[in-house]
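*Asks:* curious how this folds, go ahead:
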Amino acid sequence: MNKKKQICILGSTGSIGTQALEVIEEHSDLYEVYALTANNRVEQWAEQARNFRPAAVVIANEQHYERLKALLEDVPDIKVYAGVRALDEIVEAAPIDMVLTAMVGFAGLSPTIHAIRARKAIALANKETLVVAGELICQLARQYCVPILPVDSEHSAIFQSPT
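*Replies:* Numbers count the residues shown, from 1 in each chain. Okay, the predicted model is just below:
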(Lines give C-alpha, C1' and ligand atoms only; values in the text may rest on other atoms or scores of the structure.)
Protein backbone atom coordinates (compact mmCIF):
# COMPACT_ATOMS: atom_id res chain seq x y z
CA MET A 1 0.00 0.00 0.00
CA ASN A 2 1.33 3.43 -0.97
CA LYS A 3 1.57 6.09 1.68
CA LYS A 4 -0.50 9.22 1.27
CA LYS A 5 1.25 12.28 -0.17
CA GLN A 6 1.75 14.86 2.56
CA ILE A 7 0.75 18.35 1.40
CA CYS A 8 1.56 21.77 2.84
CA ILE A 9 -0.76 24.55 1.67
CA LEU A 10 0.62 28.08 1.83
CA GLY A 11 -2.52 30.25 1.78
CA SER A 12 -5.21 27.72 2.60
CA THR A 13 -8.03 30.26 3.09
CA GLY A 14 -7.81 31.78 -0.41
CA SER A 15 -9.73 30.46 -3.40
CA ILE A 16 -6.92 28.19 -4.64
CA GLY A 17 -6.20 26.93 -1.12
CA THR A 18 -9.83 26.07 -0.46
CA GLN A 19 -10.14 24.37 -3.87
CA ALA A 20 -7.01 22.35 -3.08
CA LEU A 21 -8.57 21.24 0.20
CA GLU A 22 -11.67 20.09 -1.69
CA VAL A 23 -9.47 18.00 -4.00
CA ILE A 24 -7.61 16.53 -1.02
CA GLU A 25 -10.93 15.70 0.64
CA GLU A 26 -12.21 14.00 -2.53
CA HIS A 27 -8.97 12.00 -2.80
CA SER A 28 -8.27 11.33 0.87
CA ASP A 29 -6.92 7.92 -0.09
CA LEU A 30 -4.04 9.66 -1.92
CA TYR A 31 -3.42 12.94 -0.09
CA GLU A 32 -3.23 14.23 3.45
CA VAL A 33 -2.76 17.76 4.76
CA TYR A 34 0.45 18.04 6.75
CA ALA A 35 0.38 21.83 7.27
CA LEU A 36 -1.90 24.78 6.60
CA THR A 37 -0.82 28.40 6.53
CA ALA A 38 -2.77 31.64 6.35
CA ASN A 39 -2.39 35.31 7.14
CA ASN A 40 -5.63 36.71 8.54
CA ARG A 41 -8.83 34.63 8.17
CA VAL A 42 -8.44 33.01 11.57
CA GLU A 43 -11.95 31.58 12.06
CA GLN A 44 -12.12 30.02 8.58
CA TRP A 45 -8.61 28.69 9.02
CA ALA A 46 -9.31 27.18 12.44
CA GLU A 47 -12.30 25.39 10.87
CA GLN A 48 -10.03 24.02 8.11
CA ALA A 49 -7.60 22.80 10.77
CA ARG A 50 -10.40 21.04 12.64
CA ASN A 51 -11.60 19.35 9.44
CA PHE A 52 -8.23 18.22 8.10
CA ARG A 53 -6.24 17.76 11.34
CA PRO A 54 -2.82 18.79 10.00
CA ALA A 55 0.27 18.22 12.11
CA ALA A 56 0.88 21.98 12.12
CA VAL A 57 -0.65 25.34 11.27
CA VAL A 58 1.22 28.61 10.77
CA ILE A 59 -0.35 32.05 10.97
CA ALA A 60 1.91 34.53 9.18
CA ASN A 61 0.36 37.53 10.92
CA GLU A 62 1.63 37.12 14.48
CA GLN A 63 -1.13 39.39 15.84
CA HIS A 64 -3.57 36.49 15.35
CA TYR A 65 -1.49 33.88 17.17
CA GLU A 66 -3.27 34.03 20.54
CA ARG A 67 -6.72 33.99 18.91
CA LEU A 68 -5.81 30.97 16.78
CA LYS A 69 -4.24 29.19 19.75
CA ALA A 70 -7.48 29.72 21.71
CA LEU A 71 -9.64 28.46 18.81
CA LEU A 72 -7.60 25.26 18.62
CA GLU A 73 -6.86 24.69 22.30
CA ASP A 74 -9.12 21.63 22.39
CA VAL A 75 -7.15 20.05 19.50
CA PRO A 76 -3.73 19.60 21.16
CA ASP A 77 -2.35 17.35 18.41
CA ILE A 78 -2.19 20.35 16.02
CA LYS A 79 0.94 22.44 16.61
CA VAL A 80 0.35 26.19 16.20
CA TYR A 81 3.14 28.51 15.00
CA ALA A 82 3.28 32.15 13.97
CA GLY A 83 5.40 34.49 11.87
CA VAL A 84 7.11 34.57 8.52
CA ARG A 85 10.10 32.61 9.80
CA ALA A 86 7.76 29.78 10.82
CA LEU A 87 6.49 29.71 7.20
CA ASP A 88 10.04 29.14 5.97
CA GLU A 89 10.58 26.42 8.56
CA ILE A 90 7.33 24.49 8.11
CA VAL A 91 7.88 23.90 4.38
CA GLU A 92 11.14 22.12 5.27
CA ALA A 93 9.41 19.53 7.49
CA ALA A 94 10.59 16.05 6.55
CA PRO A 95 7.16 14.41 6.01
CA ILE A 96 6.06 16.98 3.38
CA ASP A 97 6.05 15.73 -0.21
CA MET A 98 4.53 18.78 -1.93
CA VAL A 99 4.05 22.47 -1.15
CA LEU A 100 1.18 24.36 -2.76
CA THR A 101 2.18 28.01 -2.90
CA ALA A 102 -1.11 29.89 -3.00
CA MET A 103 -0.13 32.90 -0.91
CA VAL A 104 -0.89 36.33 -2.31
CA GLY A 105 1.93 38.56 -3.46
CA PHE A 106 5.61 38.66 -2.61
CA ALA A 107 5.07 36.80 0.70
CA GLY A 108 5.23 33.45 -1.08
CA LEU A 109 8.78 33.88 -2.38
CA SER A 110 10.80 33.02 0.72
CA PRO A 111 8.86 29.88 1.73
CA THR A 112 8.95 28.70 -1.90
CA ILE A 113 12.75 29.03 -1.95
CA HIS A 114 12.99 27.16 1.37
CA ALA A 115 10.71 24.40 0.05
CA ILE A 116 12.80 23.98 -3.09
CA ARG A 117 16.01 23.79 -1.07
CA ALA A 118 14.34 21.13 1.09
CA ARG A 119 13.59 19.22 -2.15
CA LYS A 120 9.81 19.49 -1.94
CA ALA A 121 7.74 19.36 -5.13
CA ILE A 122 6.16 22.76 -5.77
CA ALA A 123 2.60 23.30 -6.98
CA LEU A 124 2.86 26.96 -7.95
CA ALA A 125 -0.20 29.19 -7.80
CA ASN A 126 1.60 32.40 -6.84
CA LYS A 127 2.56 34.24 -10.02
CA GLU A 128 4.35 37.00 -8.11
CA THR A 129 7.02 34.47 -7.16
CA LEU A 130 7.80 34.00 -10.85
CA VAL A 131 7.47 37.69 -11.69
CA VAL A 132 9.84 38.75 -8.91
CA ALA A 133 12.30 35.86 -9.05
CA GLY A 134 11.42 33.51 -11.90
CA GLU A 135 15.01 32.99 -13.00
CA LEU A 136 16.14 32.21 -9.43
CA ILE A 137 13.21 29.84 -8.80
CA CYS A 138 13.82 27.92 -12.03
CA GLN A 139 17.57 27.76 -11.37
CA LEU A 140 17.01 26.43 -7.82
CA ALA A 141 14.46 23.91 -9.08
CA ARG A 142 17.01 22.56 -11.56
CA GLN A 143 19.79 22.57 -8.96
CA TYR A 144 17.72 20.66 -6.38
CA CYS A 145 15.90 18.49 -8.96
CA VAL A 146 12.51 19.75 -7.80
CA PRO A 147 9.47 19.73 -10.08
CA ILE A 148 7.47 22.94 -10.33
CA LEU A 149 3.89 22.22 -11.33
CA PRO A 150 1.81 25.17 -12.57
CA VAL A 151 -1.56 25.20 -10.84
CA ASP A 152 -3.57 27.53 -13.07
CA SER A 153 -3.66 28.63 -16.69
CA GLU A 154 -1.48 31.75 -16.25
CA HIS A 155 1.35 29.69 -14.79
CA SER A 156 0.97 26.98 -17.36
CA ALA A 157 1.36 29.59 -20.12
CA ILE A 158 4.51 30.96 -18.45
CA PHE A 159 6.07 27.50 -18.27
CA GLN A 160 5.13 26.75 -21.88
CA SER A 161 6.63 29.94 -23.28
CA PRO A 162 10.11 29.67 -24.85
CA THR A 163 13.00 30.75 -22.63
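*Asks:* what pairs with the strand ranked longest in the chain, and is each one parallel or antiparallel?
*Replies:* If you go by DSSP state E, the chain has its longest strand at strand 31-38. Paired neighbours of strand 31-38 in the sheet (DSSP bridges): strand 5-10 (parallel), strand 56-59 (parallel).
*Asks:* what distance separates the next helix or strand after the last one from the centre of its chain?
*Replies:* Reading on from strand 56-59 to the C-terminus, the next helix or strand found by DSSP states H and E is helix 65-71. Using Cα atoms, centre = their mean, to the nearest Å, we find the averaged C-alpha position of helix 65-71 to lie 20 Å away from the chain's own average C-alpha position.
*Asks:* which strands and helices sit next to helix 65-71?
*Replies:* helix 42-52, strand 56-59, strand 79-82 (3 or more Cβ pairs under 8 Å, 6 or more residues apart in numbering; DSSP states H and E). Yep, even glycine has a C-beta here, placed from its N, CA and C like the rest.
*Asks:* okay, those in a markdown table with distance to residue 22 and mean neighbour count next?
*Replies:* Below are the helices and strands packed on helix 65-71 laid out as a markdown table (distance: least, Cβ to Cβ, whole Å; neighbours: other Cβ atoms under 10 Å):
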| stretch | distance to residue 22 | mean neighbour count |
| --- | --- | --- |
| helix 42-52 | 11 | 18 |
| strand 56-59 | 18 | 26 |
| strand 79-82 | 24 | 18 |
